[in-house]
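> predicted model and sequence below, questions to follow.
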Amino acid sequence: MDRIPILKMGPFLLVTIQVDMYDRLALNLENDLIIMVQKNGSKGVLIDISAVSIVDSFMGRIIGNIATMSRIMDAETIVVGMQPAVAITLVELGLPLSGVHTALNVEKGMALLQKKLADDLTEDSESEAEMDDNDQSE
Amino acid sequence: MSNTTSKILTKRKKDVLQVWVENQAEDPAVREDLMANDELHAQSAELLNSFIEAIKSNNYEDIEAPEYYQVTEIISGISLTRAQLGFSPRETATFVLSLKRSIIQILQEELKEDQSTLISEILRISDLLDSLSLVTMETFIKGREEVIIRQSSEINEISTPVIRVWEGILALPIIGTLDSERTQVVMENLLQEIVNSGSSTAILDISGVPTVDTLVAQHLIKTVNATRLMGAECIISGIRPEIAQTIVHLGIDLAGVQTKATLASALQYAFRKSNLVVAKKKNS
């Protein structure tokens, strides 16, 4: 059975989707990913969908689900490298994925995750961390 | 019914052509500045030839039939080129309608003795030419429409430039009304440019948009959401007081959208987001 590899990078998980997704593959990914988060105690999940050119409402929902599930398990989800056509499709489908963080590419996504992790660790010194948090939520 | 007209026309093809070209030349609507006489003569001869071929089949009613393919093709071609050359609809229609007069004139000369045949033949031929002139009008209008569509798509292209104001900052001034089609173009251009330039901030300046109604606002929100999905931030700037009033009165929720009054303040915000500082140089 086809599976999408999930790579562990320190406290984060990296998923690169290189093929066009079909429903079973997406469901497997959701399953595997959430197990990996639990096993490794990951703090962040980075999904690279730069090679995905077709999405449907189901795929959009799965991505949303992964983000929500990870957040419950204390891991942030960042979707990176979305193609313009995919972004337009998702918006037209009425799935703005409001719970998901996004970044232009893997590099920027990693930086964002690292920043979030650093913010989490320095939460005690509240003043600065809160300002950064506000910046990101805007 | 015997095919009298066809026989007469085949016999006196040259006369018909001559009378027709003369008729056209006399018509004040004919524009010599737009088309040379030789060309007009060539076009007329070509059409007349295929027309006489077509009526040999004794079919005067159905211009969709295979024998009329060539005729309609020639007529469509001529109407299209005339539409593009800037002829008026009247001038274009006269081309076919003047053929009717010439044919009737020749028929009158040939069928002087037989009035009843003359009348029935004239009726048939004039019905046929009327439907052919309708074809002319149809293609003429189609030709004009193509011109309009091309122009409006050109306007769309010109009017949605994506400007790289700074490394990582794009600006997109929108001028004119935002409809669905235009939003699509704006969105595609913007998102593609974000990918190409790897920008993290986009400024959508709507100071040139005359009115913002619920539909336009929805388009704006869509664009902002799509930009966010790509991993960039979208700021809407250039909101005039009237527009702010309309937005609030219509109850549009722009809570999830970063808005600024002017492009300058949006740019300043974008600079701050990318940790850039604009400082005045000190004179030593």
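Cool, the structure landed.
> report the contact partners of the nearest residue to residue B:157 once chain neighbours are set aside.
Using CB to CB, 6 or more residues apart in numbering or on different chains and skipping the chain neighbours, the partner closest in space to residue B:157 is residue B:185 (7.6 Å). Bear in mind the C-beta positions are built from the backbone N, C-alpha and C, glycine included. Residues in contact with residue B:185 (CB atoms under 8 Å, 6 or more residues apart in numbering or on different chains) are B:156-157, B:160.
> A strand includes residue B:185, no?
No. The assignment for residue B:185 is helix, going by DSSP: H, G, I helix; E, B strand; the rest coil, so no strand is present there.
> would you mind measuring from it to residue B:221?
Residue B:185 sits 17 Å away from residue B:221 when distances are taken as CB to CB, to the nearest Å.
> now do residue A:118
32 Å.
> looking at these two, which is more packed in?
Set residue A:118 next to residue B:221 and count neighbours by other CB atoms under 10 Å in any protein chain shown: residue B:221 wins out with 19 against 12.
> ok, for that one, nearest residue in space, not its chain neighbours?
Nearest to residue B:221 is residue B:257, by CB to CB, 6+ apart, at 6.5 Å.
> so that neighbour makes contact with residue B:218?
No. Residue B:257 lies out of contact with residue B:218 (CB atoms under 8 Å); the separation is 11.7 Å.
> when the two are compared, which one has more neighbours?
Each of residue B:257 and residue B:218 has its neighbours counted (other CB under 10 Å); residue B:257 has more, 19 against 14.
> helices along chain A, start to end?
A:23-40, A:57-72, A:84-92, A:106-121, A:126-137 (DSSP state H).
> which of the residues in the second one are buried?
In this case it means helix A:57-72. A:59-60, A:62-67, A:69-70 (16 or more other CB atoms under 10 Å in any protein chain shown).
> pick out the residue of the stretch 101-250 of chain B closest to chain A.
Residue of the stretch 101-250 of chain B nearest chain A, by CB to the nearest CB: residue B:191 (3.3 Å).
> now the one residue in chain A that gets nearest to chain B: closest residue in space, sequence neighbours ignored.
In chain A, no residue comes nearer to chain B than residue A:84, which is 3.3 Å away by CB to the nearest CB. Excluding its sequence neighbours, the residue lying closest to residue A:84 (CB to CB, 6+ apart) is residue B:191, at 3.3 Å.
> beyond whichever strand or helix holds that neighbour, next helix or strand please.
Under the criterion of DSSP states H and E, residue B:191 resides in helix B:180-197. Using DSSP H and E, the helix or strand that follows helix B:180-197 in sequence is strand B:201-208.
> could you check the angle that following strand makes with helix B:180-197?
Between strand B:201-208 and helix B:180-197, the angle comes out at 150 degrees (axes from the mean of the first three to the mean of the last three CA atoms, to 10 degrees).
> is strand B:201-208 up against chain A anywhere?
No. Applying CB under 8 Å from any CB of the partner chain, one finds strand B:201-208 separated from chain A by no less than 10.8 Å.
> looking at that strand now, give me its mean pLDDT.
Average pLDDT, strand B:201-208: 90.
> could you pull out the buried residues of the strand or helix carrying residue B:170?
Here residue B:170 sits within strand B:169-175, counting by DSSP H and E. By 16+ other CB under 10 Å, the buried positions in strand B:169-175 come out as B:169-174.
> who does it pair with, and is each partner parallel or antiparallel?
strand B:163-166 (antiparallel), strand B:201-208 (parallel) (DSSP bridges).
> can you redo those as JSON lines with mean neighbour count?
Output for the strands paired with strand B:169-175, formatted as JSON lines (neighbours: other CB atoms under 10 Å in any protein chain shown):
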{"stretch": "strand B:163-166", "mean neighbour count": "14"}
{"stretch": "strand B:201-208", "mean neighbour count": "21"}
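> now tabulate these in JSON lines and tack on distance to residue B:113.
Formatted as JSON lines, those follow (distance: least, CB to CB, whole Å):
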{"stretch": "strand B:163-166", "distance to residue B:113": "80"}
{"stretch": "strand B:201-208", "distance to residue B:113": "75"}
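> related to what we said a few turns ago, tell me how many other residues surround the residue of the stretch 101-250 of chain B closest to chain A.
So residue B:191, with other CB under 10 Å, has 25 neighbours.
> spell out which residues of chain B are next to chain A.
Going by CB under 8 Å from any CB, the residues of chain B near chain A are B:184, B:187-188, B:191-192, B:194-195, B:198-200, B:222, B:225-233, B:256, B:258, B:273.
> check which helix or strand covers the nearest residue to residue B:82 once chain neighbours are set aside.
Among residues not flanking residue B:82 along the chain, residue B:92 sits closest, at 4.8 Å (CB to CB, 6+ apart). When elements are assigned from DSSP H and E, residue B:92 belongs to helix B:89-110.
> low-confidence ranges in chain A?
For chain A, the stretches with pLDDT under 70 are A:1, A:124-138.
> please identify the buried residues of the helix holding residue B:191?
Going by neighbour count (16+ other CB under 10 Å), the buried part of helix B:180-197 is B:182-184, B:186-187, B:189-191, B:193-195, B:197.
> now do the end-to-end distance for stretch B:169-187.
End-to-end distance for stretch B:169-187: 16 Å, by CA to CA, to the nearest Å.
> from the chain's centre, how far out does it sit?
Distance, stretch centre to chain centre, for stretch B:169-187: 21 Å (CA atoms, centre = their mean, to the nearest Å).
> one more: stretch A:5-13?
12 Å.
> which other residues reach it?
Outside stretch A:5-13, the residues touching it (CB under 8 Å, 6+ apart) are A:14-16, A:29, A:32-33, A:36-37, A:40-46, A:75, A:110, A:113, A:117.
> narrow those residues to just the buried residues.
A:14-16, A:29, A:32-33, A:36-37, A:42-46, A:75, A:110, A:113, A:117.
> in chain B, what spans have low per-residue confidence?
In chain B, residues with pLDDT under 70: B:1-2, B:27-36, B:284.
> just the helices in it please.
So, for chain B - with DSSP H - the helices run B:4-11, B:13-26, B:37-55, B:69-85, B:89-110, B:115-158, B:180-197, B:214-230, B:241-250, B:263-273.
> most tightly surrounded among the ones you listed?
Highest mean neighbour count of the helices of chain B: helix B:214-230, a mean of 22 (counted as mean count of other CB atoms under 10 Å in any protein chain shown).
> could I get the CA-only coordinates of it as CSV?
Output of helix B:214-230 as CSV, limited to C-alpha atoms (Å, rounded to 0.1, in the frame of the first residue of the first chain):
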residue,chain,number,x,y,z
THR,B,214,-20.7,43.1,-0.9
LEU,B,215,-19.5,41.3,-4.0
VAL,B,216,-16.3,43.3,-4.4
ALA,B,217,-15.6,42.9,-0.7
GLN,B,218,-16.1,39.2,-1.1
HIS,B,219,-13.7,39.1,-4.0
LEU,B,220,-11.2,41.0,-1.8
ILE,B,221,-11.6,38.6,1.0
LYS,B,222,-11.1,35.7,-1.3
THR,B,223,-7.9,37.2,-2.7
VAL,B,224,-6.6,37.8,0.9
ASN,B,225,-7.4,34.3,1.9
ALA,B,226,-5.7,32.8,-1.2
THR,B,227,-2.6,34.9,-0.5
ARG,B,228,-2.6,33.6,3.1
LEU,B,229,-2.8,30.0,1.9
MET,B,230,0.3,30.6,-0.2
